[in-house]
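1. Here is a sequence together with a model predicted from it:
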Amino acid sequence: MRDVLAGLTFVGFGLAFAVVAASYEVGSALRMGPGYFPLVLGGLLAFLGVLIIAKGFLAGEGGPIGAVPWRALALILAAVLFFGLTVRGLGLVPSTFVTALMAAFASRRTGVVAALLISVGLTVLCVLVFVVALSLRLALLGPWLGA
Amino acid sequence: MRWSQSFGATPTRTTANRGVPGPRFGAALVAAALVVAACTAPGGGTGSGAPSAGGSGAAAGGYPDRAINVIVPFAAGGPTDTVTRLVAEPMSQTLGQQIVVQNVAGAGGTLAAGQVAAAAPDGYTVLMHHIGMSTAPSLYADLPYDPLVDFKPIGLVTEVPMTIIARDDLEPTTLEELVDYVKENTDTVTYANAGIGAASHLCGLLFMNAIDTELTEVPYDGTGPAMEDLVGGQVDFMCDQTTNTTEQIQGGAVKAYAITSPERNEALPDVPTTAEAGLPDVEVSVWHGLYVPKDTPDEIVQELSDALKAALKDQNVIDQFADLGTAPVAEDQATPEAHRSKLESETERWKPIIEEAGVSAD
Amino acid sequence: MDLLSNLALGAATALTPENLLWCFVGVLLGTLVGVLPGIGPTATIAMLLPITFKFEPVTALIMLAGIYYGAQYGGSTTAILINLPGESSSAVTAIDGHEMAKDGRAGPALATAAIGSFIAGTVATLVIVLFAPMLASIALSFGSAEFFSLVVLGLIASVALARGSTLKALAMIVLGLLLGTVGQDIYTGTPRFTFGARELFSGINFVSVAVGMFGVAEILRNLEDEKTRTVVARTVKGLWLSRKDIRAIIPSVARGTALGSALGVLPGAGHVLASFGSYSVEKRLSRRPQTFGHGAIEGVAGPESANNAAAQTSFIPLLTLGLPANPVMALMLGAFIIQGITPGPNVIVDEPALFWGLVVSMWVGNLLLVLLNLPLIGIWVKLLTVPYNVLFPAIVAFAAIGTYALNLNAFDVFAIAFFGILGYALIKLGCEPAPLLLGFVLGPLLEQHLRRALIISRGDPMVFLTRPISLALLVAAALAIAIAVLPSIRRKREVVFREEEAV
């Protein structure tokens, strides 16, 4: 199962890259255009993916995939995306605080109080390290907050 | 992958923090702070005092009342970054506020220009850009801004000349011989450049036009690797800014045929101008200028332009520019009007050259 | 003798109290900033560059060099402790270093990194003193054909990075190569796989890939079964190396140092190839290759030494020719220029105090680093006792800010999320991230040099075989394949024969 899925992933990426690459000027082996290299590699990746799938079927079980921490996955990705989306608009302090808060909730061991404490502490720490110590010029409060 | 060289925001030194950098290290880097605070900066002379920032030029309306960001569209450590940092220091003294140099590299400088075009027109976001400002509209079909409309120029800063150089064992000894050599050996000669739209690429286009011959161009990912291969003899010749070539020419690692400015250069007195050497059309300089978003009030533009003019008279700036093989522009060039007409004429000039060469970056 | 008087001049310059102090401040700052997740040496030095503007030139450069190798140390620390490499070469350290940390052996892993780096730094400094001009001219003789062949060799050797399926490792390398093609094609200006996003024109940021594939993916794995599993062993099995450890690392350090010193001189790829190459050499030579990927101390010792040796010798092209070998050196060149010195081919003759002072300070800096880092090991290991539910939000926050600050580009932050999912999914499916990272770093080099060599040769592919260095490298690559394939063929044959006999 794992091998088949891995193989499918590679086939997918390989074909996607190859198809897009084919829309660029391809050229020839000795006069390569921008599409040549990714086209060849995309094809190679898809081929390797097929081999992996074949191996997966032949060898049978590829081991279980195991549990996926869906809640942590969603929260951490949301935290990172939130930071990217808001750091300019909200400014470093609110953006970091919310990011840290979302990330903190990703752990089932962290309660509300603990999460708040963690994110306040981290926000202070980040401001100290990046703004005070490293003089990184990011607005602490951004234009969306009228600052 | 592309290496990211620049780390966002890096303040230039100002009068306010000259001397001991102590407190800035504080807090988290406690140990460092202790060491730093315990001693004065080397070089002695400047001492540890923080002379008053002056603020002599503070404008009516209170501009500037906080730090000004100057965005450099290329990586830290490169020629444009260096020019910016050198000019930023005396400007910050005149304006009485810190100037923070930020490097926003990417897409041939159009990423940073796009950001500044969309920034608040309050004079706190300033763009430093070079000749690429005038070539971008011809290179990029869907540029998200118009250099002539979306910005107000503040003034020119410097015009860095370029030099036509070759590996030191290339046969020709003069530019004239080089032209003949290139024409006779079109199927072996190689011309190095630092990528589409780079100054070295533009100079190559001019050269090809002037001698009416196609060159085999070998693009590199920046000037450094191109110079490396030229010194190593892997490619035959190139044309690049004096900032990058002067030392290599003086040290004998490469040979120089001509300089692309109307006058000879002090650092390279033996190198003839392209006009002297018979190719007057190959005249090009990498000119740098400052811009603000289009709706910035004129008083602020004037304020910045005055600060720029003062900075260009600073002895340290003049000396450091001379080391780079360039000089500040004349005072009447460091004005919004002169800058605008330069931008317009250069945009006009490059459009047909780039179109004819069939070059496009998107 | 000339050399002695030069070294005396260097020592006189580097050992003034002022320069010594700023060298120390440099390595300390470098270490501390380099330890922050998502921030490697390039970012650290770019960020701290302006601090040095007001110094004397020699002092400024000594401090910057100190920041550089300090950050290198710091980056290894993060790789070992939280499996987050700050730059490509410490991705290798993370493989076995982090496994050691999980096993409660973070102390010995960090000590190995520190000692290996110190020995490598010392030897590499000697190499600079004795052979700098010679090595520089060898570096210049490397054209695109040679680089292409070298990268091919590096990619083939790197299959050794996989602890599991070779096929999957190959696929990961190819996927990495493909991701490396994202961005503007330097030959034609065509933006590839950018979907109109100008932010992607200069390619995907390495730090985003590393933070996503290693950092975020690792966090997600650790959160899988929080209730039943502790993340990193809380019980620390000693901070120091055992006799057995020391015996194991000596030959690895020696080989890594030699490899790193040689490859560091080569512009662009030297540094990465050195540490990846060293890992595969160690794995091949080891009597217990199966321990690699599961906490083999040689897998930390070799690459860390190679990495640091290469960091030192990568100064050679800059110091002897005025040509920067990599982005960090380009930054150093900028620092020289702002200091009013433009290094050219004559910098050794024109500025002897600067050259020899900087060289001597490199050794001093390495000594300071080892003195600084050995006591710090205790503190770093304590960091692991911070509860994981506090530690991982900190990693997320620091990595996001650090990555953003690099270029003020929100895309770099979004890319973390993308590579976080991708990395986690692939790891779940039994694919390891290190080969992908190597492919990602080497991909652009492979393509650029291949295409450039063909442009210069006017489309003649024989250029790769007629140039002797290129030919030698390709032969070595072929041998590497043979060595990799033969044992398994022989083993299969033996199996077949045995079966036949049985019949």
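-> Perfect, I can see it now.
2. what's around residue C:264, how many residues?
-> If you count neighbours by other CB atoms under 10 Å in any protein chain shown, residue C:264 ends up with 32. C-beta here means a position set from N, CA and C on the backbone, and glycine is covered the same way.
3. which residues does it contact?
-> C:124, C:270, C:271, C:274, C:309, C:310, C:311, C:312, C:313, C:314, C:316, C:325 (CB atoms under 8 Å, 6 or more residues apart in numbering or on different chains).
4. ok, of the residues you listed, which one's closest to chain B?
-> Set against chain B, the nearest of these by CB to the nearest CB is residue C:325 (8.1 Å).
5. Close to chain B: what parts of chain A are there?
-> A:125, A:128, A:129, A:132, A:133, A:135, A:136, A:137, A:138, A:143 (CB under 8 Å from any CB of the partner chain).
6. Buried subset of those residues as a PyMOL selection?
-> In PyMOL, this line selects whichever of the residues of chain A next to chain B come out buried by 16 or more other CB atoms under 10 Å in any protein chain shown:
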select buried, chain A and resi 125+129+132+133+135+136+137+138
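7. Go back to the residues of chain A next to chain B and keep what's next to chain C.
-> Residues of those in contact with chain C (CB under 8 Å from any CB): A:125, A:129, A:136, A:138.
8. would JSON lines of the contacts of residue C:264 with neighbour count be doable?
-> Shown next, in JSON lines, are those (neighbours: other CB atoms under 10 Å in any protein chain shown):
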{"residue": "C:124", "neighbour count": "30"}
{"residue": "C:270", "neighbour count": "26"}
{"residue": "C:271", "neighbour count": "30"}
{"residue": "C:274", "neighbour count": "35"}
{"residue": "C:309", "neighbour count": "34"}
{"residue": "C:310", "neighbour count": "33"}
{"residue": "C:311", "neighbour count": "29"}
{"residue": "C:312", "neighbour count": "31"}
{"residue": "C:313", "neighbour count": "31"}
{"residue": "C:314", "neighbour count": "28"}
{"residue": "C:316", "neighbour count": "27"}
{"residue": "C:325", "neighbour count": "29"}
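9. In chain A, which residue sits closest to chain C?
-> For chain A, CB to the nearest CB, closest residue to chain C: residue A:84, 3.3 Å.
10. residue contacts, that residue?
-> Per CB under 8 Å, 6+ apart, neighbours of residue A:84: C:400, C:404, C:410, C:411, C:412, C:413, C:414, C:417.
11. Which element, helix or strand, includes residue 78?
-> I'll assume chain A. Using DSSP states H and E, residue A:78 sits within helix A:70-90.
12. You answered for a different chain; I wanted chain C.
-> Per DSSP H and E: helix C:57-82 holds residue C:78.
13. between the helix or strand that that helix is followed by and helix C:57-82, what angle do the directions make?
-> Using DSSP H and E, the helix or strand that follows helix C:57-82 in sequence is helix C:90-102. Interaxial angle of helix C:90-102 relative to helix C:57-82 (axes from the mean of the first three to the mean of the last three CA atoms, to 10 degrees): 50 degrees.
14. any bit of helix C:90-102 sitting next to chain B?
-> No: using CB under 8 Å from any CB, helix C:90-102 never reaches chain B; the gap is at least 12.2 Å.
15. Name the spans of the stretch 151-300 of chain C whose pLDDT lies under the cut-off.
-> C:226-237 (pLDDT under 70).
16. swap the cut-off to 80 and go again
-> C:158-164, C:225-239, C:268-269 (pLDDT under 80).
17. rewinding a little: any idea which of the ones next to chain C among the residues of chain A next to chain B the model trusts least?
-> Minimum pLDDT for these is recorded at residue A:136 (74).
18. in chain B, which spans are helices?
-> Under the criterion DSSP state H, chain B contains helices at B:22-25, B:30-37, B:79-95, B:110-117, B:132-139, B:175-184, B:199-211, B:223-231, B:242-250, B:298-312, B:315-323, B:336-357.
19. For chain C, find the nearest of those.
-> Set against chain C and scored by CB to the nearest CB, the helices of chain B come closest in helix B:242-250, at 2.8 Å.
20. And the closest one, what does it pack against?
-> For helix B:242-250, the packing partners by 3 or more CB pairs under 8 Å, 6 or more residues apart in numbering or on different chains; DSSP states H and E come out as helix B:79-95, strand B:151-167, helix B:223-231, strand B:254-259.
21. burial count for residue A:25?
-> Residue A:25: 12 neighbours (other CB under 10 Å).
22. For it, grab phi and psi.
-> Phi and psi for residue A:25, reported as degrees, to the nearest 10, are phi -60, psi 120.
23. Relative to residue C:187, how far out is the closest residue to it other than its chain neighbours?
-> Of all residues not flanking residue A:25 in the chain, residue A:33 sits nearest, at 3.6 Å (CB to CB, 6 or more residues apart in numbering or on different chains). Distance of residue A:33 to residue C:187, given as CB to CB, to the nearest Å: 8 Å.
24. Most proximal residue of the stretch 51-200 of chain B with respect to chain A?
-> For the stretch 51-200 of chain B, CB to the nearest CB, closest residue to chain A: residue B:100, 4.7 Å.
25. Run a quick neighbour tally on that residue.
-> The tally of other residues near residue B:100 (other CB under 10 Å) stands at 23.
26. Tell me how many other residues crowd the residue of chain C found nearest chain A.
-> Closest residue of chain C to chain A, CB to the nearest CB: residue C:413 (3.3 Å). Neighbour count of residue C:413, defined by other CB under 10 Å: 25.
27. what's the average pLDDT for the helix or strand hosting it?
-> Using DSSP H and E, residue C:413 sits within helix C:410-428. When pLDDT is averaged over helix C:410-428, the result is 94.
28. Need the mean per-residue confidence for whichever helix or strand residue C:18 is part of.
-> Following DSSP H and E, one finds residue C:18 within helix C:17-35. Throughout helix C:17-35, pLDDT has a mean value of 91.
29. that older thread, which ones among the ones next to chain C among the residues of chain A next to chain B lie within helices?
-> residue A:125.
30. pLDDT at the residue in chain A that chain B sits nearest to, what is it?
-> Scanning chain A for the residue nearest chain B gives residue A:137, at 3.6 Å (criterion: CB to the nearest CB). You'll see residue A:137 listed with a pLDDT of 72.
31. any bit of stretch B:262-279 sitting next to chain C?
-> No: using CB under 8 Å from any CB, we find that stretch B:262-279 stays clear of chain C, coming within 9.8 Å at best.
32. any weak-confidence spans in chain B?
-> Using pLDDT under 80, chain B drops low at B:1-61, B:75-78, B:106, B:324, B:360-362.
33. how close does the residue nearest the centre of chain B get to residue B:112?
-> Taking CA atoms, centre = their mean as the criterion, residue B:80 is the residue nearest the geometric centre of chain B, at 3.1 Å. For residue B:80, the distance to residue B:112 equals 10 Å [CB to CB].
34. rewinding a little: who has more neighbours, residue A:33 and residue C:187?
-> Neighbours were counted for residue A:33 and for residue C:187 using other CB under 10 Å; residue C:187 has more, 21 against 18.
35. Surely the more buried one forms part of a strand?
-> No: assignment of residue C:187 by DSSP: H, G, I helix; E, B strand; the rest coil gives coil, placing it outside any strand.
36. list the contacts for it?
-> Contacts for residue C:187 were tallied using CB under 8 Å, 6+ apart; they are A:34, B:219, C:451, C:455.
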